[in-house]
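J.: pasted the sequence and its predicted model underneath.
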Amino acid sequence: MNFQRNGLLRSPEWRLAMRLIRSVTTVTLACIGLLAITDVGRTHLHANSKLRAENNAIPLLAAASVKAKPTNDSIGHMPPLFDSDVVRVVADIDRIEADTLRELSRTALDREGQIRTLGKLLLFDKHLSVNQNEACSFCHTPETGFTGPIQSLNLSTVAYPGSVRTRFSQRKPQSYMYATFAPVLHYNELQGDFVGGNFWDMRASGYRLQSPSAEQAQGPPTNPVEMGLPDSACLAYRLSKAPYRKLFETVWGGDSFAIQWPKEIENICAIPGPPADDDQYPVHLAAADRQRADHVYDCFALAAAAYEASPEVSPFTSKYDDVQAAKAQFTPEEGMGYALFRSKARCNECHRDGGPGEEPLFTDFTASNLGVPRNPAVQFYFESKPDERGYTPNTAGSSYVDFGVGFFLRKLKSLSGQLNPDSQWIALAPKFDGKFQVPTLRNVDMRPSPDFVKAYMHNGYFKSLKEVVHFYNTRDVLPQCKAGDPGEKVTCWPPPEDPTNINKRQLGDLKLTDSEEDDLVAFLKTLTDDYKLSSPGTAK
């Protein structure tokens, strides 16, 4: 009897049932929490003309001045809906994981289906974080184009909390969509530019696995301000206990988890990183077991990238695609916006819309410093003191400056461990200070509802596409002002976060009219996937 009971407790079916119970409990707690939340005061961005009217529709949840249950000074200023928003997103992720596990149990998958399904399960499994509370998809949900799903954070701190909920990184989550098309990072001598890689600073170069997206997936699990595991071997251990272990072994080999784990493995992997300086790999394994654990970590990353490359994440199903296939037509405003995109506005010089033999990916995978102003609400500025575990994410405090690609090229260790793979690139670092990767514009406007607010650029300074286009158009024309001054983002701009290497050639004074700015925004909205063709006889 005890043998049967122990077998049941170890079975994938039992773990799935427990996860479903936890999901129901989480949703119930979320509902209780939401009922307890009273309406909060709302303020609005400065407004003037059409831009001001649009900004006035964006509520700033009075977030920047409200503290959410501070346990130390590093928590800074959090939005009042933070806790309930986190509960809601985690419940959504649990639901997607449970649905995928159920589908797995009754579907015969081919090899491609197996690895993509495995990748999806990996990205939606919160148990792969130190506190078993944060999946990769916490910062990358489908409904927002696989980027940040919490409006209160998009409006304020921009970065998302890690598995240790008081720790935040310094940047907005990038989108997974179409990221797998990025080439392995390389320096183009003719262009004098770096091309490829993943992350805002290109540090997921793809050199080792020949896949930037796979190497990107390896960043968050051991990043102390993200998923927070102290050792990559902890991810291999957690996978060995996952309900989809058999699928992993089917894809990557039946002996994937033939590893002799230390007796204290559970306790080790429950301690948030970073590891101690004198014990960088706290899971002490024999050499052969360490190699096997590293192999599992690589397979985890490659499966995640396979899912990101699938039509579920990168489908090419926007209105733009239907127009190119002669299945739909642009509205006059969208058509004018596309013409401006390819001419006067100069957008496609960096956001390439394709050419002979090219996929229309709306990025050239290079990096640029656009002169984006500092976002004073970024939570990272408040993390200058040790947290409850003695870890200080940002010793520079409010004086921190994000040097982007330049920081990575100096071969300094990043929070998630990626290093410059080519020592000859170190000398190029000063020319790339302040530069960040040109993102794809596909799904730049994907959102769960029309009034949902997304954040744009590496630090999330902009809160609407209109603001972004207005900045490109007028950065060098309008006077400078301070953050919070009347007219900010409309009739004046704060100085750049980093004034070095600013792109003066392709933006700053485009001489677009207000109506042309609106046309560009209309075109950008046609890049949202899952476009539904109108029925015959209805307006398009």
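T.: Yep, it's here.
J.: residue contacts, Gly406?
T.: Counting by C-beta atoms under 8 Å, 6 or more residues apart in numbering, Gly406 makes contact with Ala429, Pro430, Lys431, Phe432, Asp433, Gly434, Lys435. (Each C-beta comes from the backbone N, C-alpha and C, glycine too.)
J.: how about it, nearest residue that isn't a chain neighbour?
T.: Nearest non-adjacent residue to Gly406, counting by C-beta to C-beta, 6 or more residues apart in numbering: Asp433, 3.4 Å away.
J.: same check, this time on Gly434
T.: Using C-beta to C-beta, 6+ apart and skipping residues adjacent in sequence, the residue nearest Gly434 is Asp498, 3.4 Å away.
J.: next, that neighbour: secondary structure please.
T.: Assigned by DSSP: H, G, I helix; E, B strand; the rest coil, the conformation of Asp498 is coil.
J.: next up, the contacts around the residue nearest to Gly406.
T.: With C-beta under 8 Å, 6+ apart, Asp433 has these contacts: Asn369, Phe403, Gly404, Val405, Gly406, Phe407, Asp498, Thr500, Asn501.
J.: report the buried members of these.
T.: Buried members of these, scored by 16 or more other C-beta atoms under 10 Å, are Asn369, Phe403, Gly404, Val405, Gly406, Phe407, Asp498, Asn501.
J.: I'd say the second one and Asp498 touch.
T.: Yes. With contact taken as C-beta atoms under 8 Å, Phe403 and Asp498 are classed as touching, separated by 6.6 Å.
J.: which neighbours do those two share?
T.: Residues touching both Phe403 and Asp498 (C-beta under 8 Å, 6+ apart) are Asp433, Gly434.
J.: how close does the residue nearest to Gly406 sit to Pro220?
T.: 25 Å (C-beta to C-beta, to the nearest Å).
J.: ok, the residue nearest to Gly434 - contacts?
T.: Counting by C-beta under 8 Å, 6+ apart, Asp498 touches Asn369, Val401, Asp402, Phe403, Gly404, Asp433, Gly434.
J.: can you list those residues in a markdown table and add pLDDT?
T.: Rendered in a markdown table, the data for these read as follows (pLDDT from 0 to 100):
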| residue | pLDDT |
| --- | --- |
| Asn369 | 98 |
| Val401 | 96 |
| Asp402 | 96 |
| Phe403 | 96 |
| Gly404 | 96 |
| Asp433 | 98 |
| Gly434 | 97 |
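J.: the residues you listed in helices, which ones?
T.: The members of the contacts of Asp498 all map outside helices under DSSP state H.
J.: out of those, which sit inside strands?
T.: The members of the contacts of Asp498 all map outside strands under DSSP state E.
J.: widest-spaced pair of the residues you listed?
T.: Spatially, the most separated pair among the contacts of Asp498 is Asn369 and Val401, at 11.9 Å (C-beta to C-beta).
J.: run through who's touching the one helix or strand Ala339 maps to.
T.: Element membership for Ala339 (DSSP states H and E) is helix 332-341. For helix 332-341, the external contacting residues (C-beta under 8 Å, 6+ apart) are 319, 330, 347-348, 351, 353, 512, 516, 518-526.
J.: ok, back up a step: just send the buried ones among the contacts of Asp433 back as JSON lines, with distance to Leu155 too.
T.: As requested, the buried ones among the contacts of Asp433 are arranged in JSON lines below (distance: C-beta to C-beta, whole Å):
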{"residue": "Asn369", "distance to Leu155": "25"}
{"residue": "Phe403", "distance to Leu155": "26"}
{"residue": "Gly404", "distance to Leu155": "23"}
{"residue": "Val405", "distance to Leu155": "27"}
{"residue": "Gly406", "distance to Leu155": "29"}
{"residue": "Phe407", "distance to Leu155": "27"}
{"residue": "Asp498", "distance to Leu155": "23"}
{"residue": "Asn501", "distance to Leu155": "29"}
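J.: identify, from these, the entry nearest to Phe471.
T.: Phe471 lies nearest to Asn369 out of the buried ones among the contacts of Asp433, by C-beta to C-beta, at 13.2 Å.
J.: how about Arg410, nearest residue that isn't a chain neighbour?
T.: Distances taken as C-beta to C-beta, 6+ apart put Ala429 closest to Arg410, at 4.8 Å, once the chain neighbours are dropped.
J.: how about Trp252?
T.: That would be Cys299: by C-beta to C-beta, 6+ apart, it lies 4.4 Å from Trp252.
J.: separation between that neighbour and Ala306?
T.: Cys299 sits 10 Å away from Ala306, taking C-beta to C-beta as the criterion.
J.: then Arg95?
T.: Relative to Ala306, Arg95 is positioned 22 Å away (C-beta to C-beta).
J.: between the two, which has more neighbouring residues?
T.: Ala306 (23 against 16; other C-beta atoms under 10 Å).
J.: can I assume the more buried one is in contact with Arg116?
T.: Yes. With contact defined as C-beta under 8 Å, Ala306 counts as touching Arg116 (5.3 Å).
J.: just the mean pLDDT for stretch 494-501, thanks.
T.: If you average the pLDDT over stretch 494-501, you get 97.
J.: quick one: end-to-end distance for that stretch.
T.: When the termini of stretch 494-501 are compared using C-alpha to C-alpha, to the nearest Å, they are 17 Å apart.
J.: with stretch 368-380 instead?
T.: Terminal-residue distance, stretch 368-380 (C-alpha to C-alpha): 22 Å.
J.: buried sites along it?
T.: Judged by neighbour count using 16+ other C-beta under 10 Å, the buried positions of stretch 368-380 are Ser368, Asn369, Leu370, Gly371, Val372, Pro373, Arg374, Asn375, Ala377, Val378, Gln379, Phe380.
J.: just stretch 423-436 next, same as before
T.: Buried, per 16+ other C-beta under 10 Å, within stretch 423-436: Trp425, Leu428, Ala429, Phe432, Asp433, Gly434, Lys435, Phe436.
J.: sec struct for Pro275, please.
T.: Three-state call for Pro275 (three-state DSSP): coil.
J.: what about the helices in the stretch 151-300 of the chain?
T.: Ranges of helices in the stretch 151-300 of the chain, per DSSP state H, counting those that start in this stretch, are 151-154, 212-217, 232-240, 245-252, 265-269, 287-308.
J.: in stretch 456-474, which residues are buried?
T.: 456-474.
J.: in helices, which of these fall?
T.: Counting by DSSP H, the buried residues of stretch 456-474 contribute Leu465, Lys466, Glu467, Val468, Val469, His470, Phe471, Tyr472, Asn473, Thr474 to helices.
J.: OK, contacts around the closest residue to the fourth one other than its chain neighbours?
T.: By that I understand Val468. Take Val468 and drop its neighbours on the chain: the residue closest to it by C-beta to C-beta, 6+ apart is Phe462, 4.8 Å away. When contacts are counted by C-beta under 8 Å, 6+ apart, Phe462 touches Val372, Ala455, Tyr456, Val468, Phe471, Lys489.
J.: go on, Phe199?
T.: So Phe199 contacts Gln174, Gln216, Gly219, Gln418, Gln437 (C-beta under 8 Å, 6+ apart).
J.: before we move on, back to that, tell me the spacing between the residue nearest to Trp252 and Arg238.
T.: 14 Å.
J.: ok, now Ile93?
T.: Separation of Ile93 from Arg238 (C-beta to C-beta): 16 Å.
J.: higher neighbour count, those two?
T.: Shown here are Ile93 and Arg238; by other C-beta under 10 Å, Ile93 has more neighbours (23 against 19).
J.: residues contacting the residue nearest the centre of the chain?
T.: Central residue of the chain (C-alpha atoms, centre = their mean): Pro173, 2.6 Å from the mean position. Contact partners of Pro173, counting by C-beta under 8 Å, 6+ apart, are Cys139, His140, Thr147, Gly148, Ala159, Tyr160.
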